[in-house]
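J.: Attaching a predicted model along with its sequence, questions to come.
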Amino acid sequence: MIVALLAVLSLGPHLAPQASQTDPPHQQRWQELGPAPITSGPYTGRVSAIACSPVDANRVFVAGADGGVWRTEDGGASWRALSDELPTTAIGALVIDPADPEAIFAGTGEANFANHSRYGLGIYRSLDGGESWEHFAEATLGGRCVSALAIDPLDGDVVYAALTRAGGFPELAAAKGHPGAGGDLGVFRSTDRGETWTRSTGGLPNLSATSLALDPSNPSRLYCGIGHIFGNAQNGVWRSLDGGTSWTQLAGGLPASQVGRVTVALAPSSPARLYVLITRPADVAGGGASTLGAWRSSNGGDSWTSIPVPSLQATYGWYLSVVSVRPSDPNTVLMGGLTLERSTNSGTSWSTVTPPHVDLHALAWDAAGRLWAGDDGGVHRSANLGSSWSAHNTGLGLTQFYAGISTHPSDDQILFGGLQDNGSVRRSTSSTSWSAVFGGDGGWTQLSEASPSTVFVEYQGTANLFKSTDGGTSFDYSGAGIDTGDRNCFLPPYLIDPTNASRMYYATHRVWRSTDGGNAWNPFSGDLTAGSGAIRSLAISPADANVLWAATNDGRVLVSTSGGASFSLRLSGNPGWPRVTREIFPHRSDPATAWLAVARFGTAQVRRTTDFGQSWSDHDQGLPDLPVNTLAVLPGPSERIFAGTDRGLYTSRDGGAHWVRFGRGLPHAPIVDLLLQPERNRIVVATQGRGAWTIRLETRGKAF
């Protein structure tokens, strides 16, 4: 594959020569573990964008929120990953040139504003149907997300991109400090087929552009949804009549206040017909963004009529908002959020036609008129406007793990893990398939070393912990005593003491302890945060079970040498991701030594203490400036560091002075969890967007 890559921006401490961005040829290959997909549904990870060939109904491109670009040539029966070697797998938009079906553009960065809606790195372009790619505009567009792309059907050199902020609560958490995160927003224009881009000013506000529509009969006429998710007086529908040179905010019946995310679409067969879905502003906790309403225009946006759309987004309209008009019928429109609603009479009445998985992010129409939907469970297709659906996820490896994968102590084929919006899953010993064992957003998992049939799983929120004593076949509630009002980091971490299987720790904004294997819990520490955060990481020293480490999502790192009875603050202002992590790696034989991963650009991303956190040294001098989400260290005379970054796994054997990517064939996806298992001669990683992978630690009979 021919890939033109721009170098990672070098900032802060990373001024040393950078590691090679290619996989060393002498290394062995990674093995994909899946799931692709899980057997229930069958579901895979979140699909953020879809583009259908205008001439071949069986040729469809889909993008994973963090899974890259994929293509099917057989109507979704099988899929092939196309962009695993490109510098990011976070994709927000796809478009095919209507005059050249071999030309496809991908806008990077997932524009859905969640903590896992990761920053982008510019634009990908393929002129041969996805077989090879070029990478452009990282310096101009990087750090933000592309929500939509449009191509002038009369001049394929003219391409438009709508840009938003990266996601997160607090805002920009998903940007991880990328230097471009605070750059310009709105609509950008290219006149050289995507190679260079200029922001379209002319009155358009410098706010997140959450949608974009181009009139195919008059490509100089553009519509943009400005939708800063926390609300802004300039949010609304904007129109340009001169190819983006100047813009006007439309009124004529549209709301002037309480406007959050805005999604606008036009009818291809009658471009003067427009539909817009508007949500209320989000609050600082990520709620509040319910459906404000929907509006229709029949005169190109000069005037608007309110249409009675159902409330379809719960309180997550900042995350869930799609509108699409049937290409052959301007009266048939679909609006999606938590559910999918269909009207065949211009919005006068609606029917619920939700695919098998809720949470809609993309709608598209193929050359045969079939409807494709991208959701948190993958991709689904309907030949009857949503009245019935078929899943097309076989081989589509887009699953998004959270930290907290675990393996069976005596059977290395059995794995458990938690997935974004697809529950907790188990990989069985008898096959390579994964099955769902529990619902919700799956989080941390834990198996008892002493009794492997004892398995713990959780779903989002405080005290939503469950225990199985039959290997994951059935579960009972195991959060009794934990205060459900405690603050959490969406998916709280918890641990079984390796020296005493009856003793467990569970983290909210404080540490809870159980002494009876998770049947009952009592508070065991005070608030470890600065007063408003939660604990995102817990670790027990293998050398001394009385040494516990904790990291909070408001930047604190603390240590206890009393089994958790009291903690001492060792770091503050430590940046990173606000969700559950495995960022602390205690030394296997020295309780005073621990390693820390830092998931942020422009700072020291691999750190070590040898004195219980009183001082820290940096060990990432030769590492590209990439957020490090998790790490592990191979014991021995020369400690070998493995860093799970936003672009795969890197390793150093000289204390961090030099780094190389480890192994061949691992997609450039963010690694959110890492299990180093020297006793099994392997590493297992969990990615956010490309499933789980494994590789041997040895090659050619030698420790690599």
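T.: Okay, I see it.
J.: alpha carbons only for contacts and neighbour counts from here, please
T.: Will do.
J.: Residues contacting stretch 184-198, please?
T.: Outside stretch 184-198, the residues within contact range by CA atoms under 8 Å, 6 or more residues apart in numbering are 123, 125, 136-137, 140, 156-165, 199-200, 204-209, 224, 226, 244.
J.: Once you drop chain neighbours, what's closest to the most centrally placed residue in the chain?
T.: Nearest to the mean C-alpha position of the chain, by CA atoms, centre = their mean, lies residue 116 at 3.7 Å. Nearest residue to residue 116, sequence neighbours excluded (CA to CA, 6 or more residues apart in numbering): residue 174, at 5.9 Å.
J.: And the strands in the stretch 601-704 of the chain, which stretches?
T.: Remark: strands assigned in the stretch 601-704 of the chain by DSSP state E, counting those that start in this stretch are 606-609, 617-618, 628-634, 640-645, 648-652, 660-661, 671-677, 682-687, 692-696, 698-699, 702-703.
J.: what's the closest of the ones you listed to residue 432?
T.: Taking CA to CA, strand 692-696 is the member of the strands of the stretch 601-704 of the chain nearest to residue 432, at 11.6 Å.
J.: chain center to the closest one: distance?
T.: The gap between where strand 692-696 is centred and where its chain is centred comes out at 20 Å by CA atoms, centre = their mean, to the nearest Å.
J.: could you check the angle strand 682-687 makes with that strand?
T.: With axes from the mean of the first three to the mean of the last three CA atoms, to 10 degrees defining the directions, strand 692-696 sits at 160 degrees from strand 682-687.
J.: List the strands paired with strand 692-696, with their directions.
T.: The strands beside strand 692-696 in its sheet (DSSP bridges) come out as strand 31-34 (antiparallel), strand 682-687 (antiparallel).
J.: Let me know which of the ones you listed is tucked in deepest.
T.: With neighbours defined as mean count of other CA atoms under 10 Å, those peak in mean count at strand 682-687, which reaches a mean of 24.
J.: What angle do strand 671-677 and that strand make with each other?
T.: Using the same axes, to 10 degrees, the direction of strand 682-687 lies 170 degrees away from that of strand 671-677.
J.: Does residue 390 touch residue 380 like I think?
T.: Yes. Between residue 390 and residue 380 there is a contact at 5.6 Å, judged by CA atoms under 8 Å.
J.: In terms of neighbours, single out the busier of the two.
T.: More neighbours surround residue 380 than the other of residue 390 and residue 380, with 24 against 16 (other CA atoms under 10 Å).
J.: separation between that one and residue 92?
T.: Between residue 380 and residue 92 the distance, using CA to CA, to the nearest Å, works out to 18 Å.
J.: Could you verify my assumption that residue 514 touches residue 505?
T.: Yes. Using CA under 8 Å, residue 514 is in contact with residue 505, at 6.5 Å.
J.: show me the contacts for the residue nearest to the centre of the chain.
T.: Listed by CA under 8 Å, 6+ apart, the contact partners of residue 116 are 167-168, 174.
J.: May I see the ChimeraX selection of the buried members of those residues?
T.: Listed next is the ChimeraX selection for buried residues among the contacts of residue 116, using 16 or more other CA atoms under 10 Å:
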select :167,168,174
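J.: Can you list the buried residues in whichever strand or helix holds residue 102?
T.: Using DSSP states H and E, residue 102 maps to strand 100-108. For strand 100-108, burial by neighbour count (16+ other CA under 10 Å) applies to 100-101, 103-108.
J.: any chance of those in TSV, plus pLDDT and distance to residue 376?
T.: Below are the buried residues of strand 100-108 laid out as TSV (pLDDT from 0 to 100; distance: CA to CA, whole Å):
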residue	pLDDT	distance to residue 376
100	98	30
101	98	27
103	98	27
104	98	23
105	98	22
106	99	19
107	99	19
108	99	18
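J.: what's the burial count for residue 573?
T.: 10.
J.: wait, what's in contact with the nearest residue to it once chain neighbours are set aside?
T.: If the residues on either side of it in the chain are set aside, residue 573 comes closest to residue 555, at 4.6 Å by CA to CA, 6+ apart. Applying CA under 8 Å, 6+ apart to residue 555 gives the contacts 571-576.
J.: Now with 10 Å, please.
T.: Neighbour list for residue 555: 529-530, 533-536, 571-578 [criterion: CA atoms under 10 Å, 6 or more residues apart in numbering].
J.: Kindly report the same for residue 242.
T.: Applying CA under 10 Å, 6+ apart, we find residue 242 in contact with 218-222.
J.: now do residue 281
T.: 227-232, 257-261, 287-292, 315-318.
J.: For it, give its distance to residue 225.
T.: For residue 281, the distance to residue 225 (CA to CA) stands at 14 Å.
J.: repeat for residue 287
T.: According to CA to CA, residue 287 stands 21 Å off from residue 225.
J.: Pop the domain breakdown of this protein in here.
T.: Per automatic domain parsing, the structural domains of the chain span 1-35+582-704, 36-391.
J.: now the longest one, how far from the chain's geometric center?
T.: I take that to be domain 36-391. 16 Å.
J.: So for that domain, first residue to last residue, what's the gap.
T.: End-to-end span of domain 36-391 (CA to CA): 13 Å.
J.: coming back round to it: so residue 287 and residue 225 - more neighbours on which side?
T.: Neighbour comparison, residue 287 and residue 225: the larger count goes to residue 225, with 29 against 15 (by other CA under 10 Å).
J.: so which helix or strand takes in the more buried one?
T.: Taking DSSP H and E as the criterion, residue 225 maps to strand 222-226.
J.: next structured bit after that strand?
T.: Once the chain leaves strand 222-226, the next helix or strand it forms, by DSSP H and E, is strand 236-240.
J.: how big is the angle separating that next one from strand 222-226?
T.: Following the same axes, to 10 degrees, one obtains 150 degrees for the angle between strand 236-240 and strand 222-226.
J.: partner strands of strand 236-240, parallel or antiparallel?
T.: strand 222-226 (antiparallel), strand 248-249 (antiparallel).
J.: Give me the buried positions along it.
T.: Residues of strand 236-240 classed as buried by neighbour count (16+ other CA under 10 Å): 236-240.
J.: can you check stretch 379-392 too?
T.: Neighbour counts over stretch 379-392 (16+ other CA under 10 Å) mark 379-382, 385-386, 389-392 as buried.
J.: ok, and the residue nearest to residue 260 when sequence neighbours are not counted, which helix or strand is that part of?
T.: Of all residues not flanking residue 260 in the chain, residue 281 sits nearest, at 4.0 Å (CA to CA, 6+ apart). Residue 281 is part of no helix or strand when elements are defined by DSSP H and E.
J.: ditto for residue 140
T.: helix 138-141.
J.: Repeat that for residue 452.
T.: Under DSSP H and E, no helix or strand contains residue 452.
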